[in-house]
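Undergrad: sequence plus the predicted model coming up.
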Amino acid sequence: MLPPELPPLPALTRAEGDFVDSYLQIVDLLGRINPARGTDTYGALRAAQALVARAAELREALTTMHARGETDLHAATLARALRVLDGERRAGRVTLPPEGTP
């Protein structure tokens, strides 16, 4: 049986797509760095090192958007894109786990 089909991504400019992708990559890295969820210092170190490059990509996407006159963030559209790309689960790794969770 095939898994259910994901809803389509909303229409985004290339810069908005880069913005969302970079943001989610940063969220993933922060989840790996999260001391309440991590398992080893080396993995956290590698994620912290990669964070610098991903932040530069995020900055570049936002700079491109601003330079093109895309001055407003369309939060509802971007939130839909984040949900389609599993952003809620990915962002959950940045928070503290429920108390009593090993």
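TA: On my side now, so go ahead.
Undergrad: tell me how many other residues crowd Val20.
TA: 23 (other C-beta atoms under 10 Å). C-betas here are computed from N, CA, C, even on glycine.
Undergrad: surely it is in contact with Arg83?
TA: No - counting by C-beta atoms under 8 Å, Val20 sits too far from Arg83 to count as a contact (10.8 Å).
Undergrad: for the residue nearest the centre of the chain, give me its contacts.
TA: Geometric centre of the chain, nearest residue: Leu24, 1.2 Å, by C-alpha atoms, centre = their mean. Residues near Leu24 by C-beta atoms under 8 Å, 6 or more residues apart in numbering: Leu82, Leu85, Gly87, Arg90.
Undergrad: tell me which element it falls in.
TA: helix 14-33 (DSSP states H and E).
Undergrad: packing partners of the helix or strand following that helix?
TA: Once helix 14-33 ends, the next helix or strand along the chain (criterion: DSSP H and E) is helix 41-67. Taking 3 or more C-beta pairs under 8 Å, 6 or more residues apart in numbering; DSSP states H and E as the contact definition, the neighbouring helices and strands of helix 41-67 are helix 14-33.
Undergrad: report the buried residues of the helix it packs on.
TA: With burial defined by 16 or more other C-beta atoms under 10 Å, the residues of helix 14-33 counted as buried are 15-16, 18-33.
Undergrad: buried residues in stretch 40-57?
TA: Under the neighbour-count criterion of 16+ other C-beta under 10 Å, stretch 40-57 has Ala44, Ala47, Ala50, Leu51, Arg54, Glu57 buried.
Undergrad: returning to what we had before: do you know how far the residue nearest to the centre of the chain is from Thr41?
TA: Leu24 sits 24 Å away from Thr41 when distances are taken as C-beta to C-beta, to the nearest Å.
Undergrad: repeat that for Thr77.
TA: Taken as C-beta to C-beta, the spacing of Thr77 relative to Thr41 amounts to 39 Å.
Undergrad: and Thr101, by the same measure?
TA: Thr101 is 21 Å from Thr41, where distance means C-beta to C-beta.
Undergrad: of the buried residues of stretch 40-57, closest to Leu96?
TA: Each of the buried residues of stretch 40-57 was checked against Leu96 using C-beta to C-beta; the closest is Ala44, at 15.8 Å.
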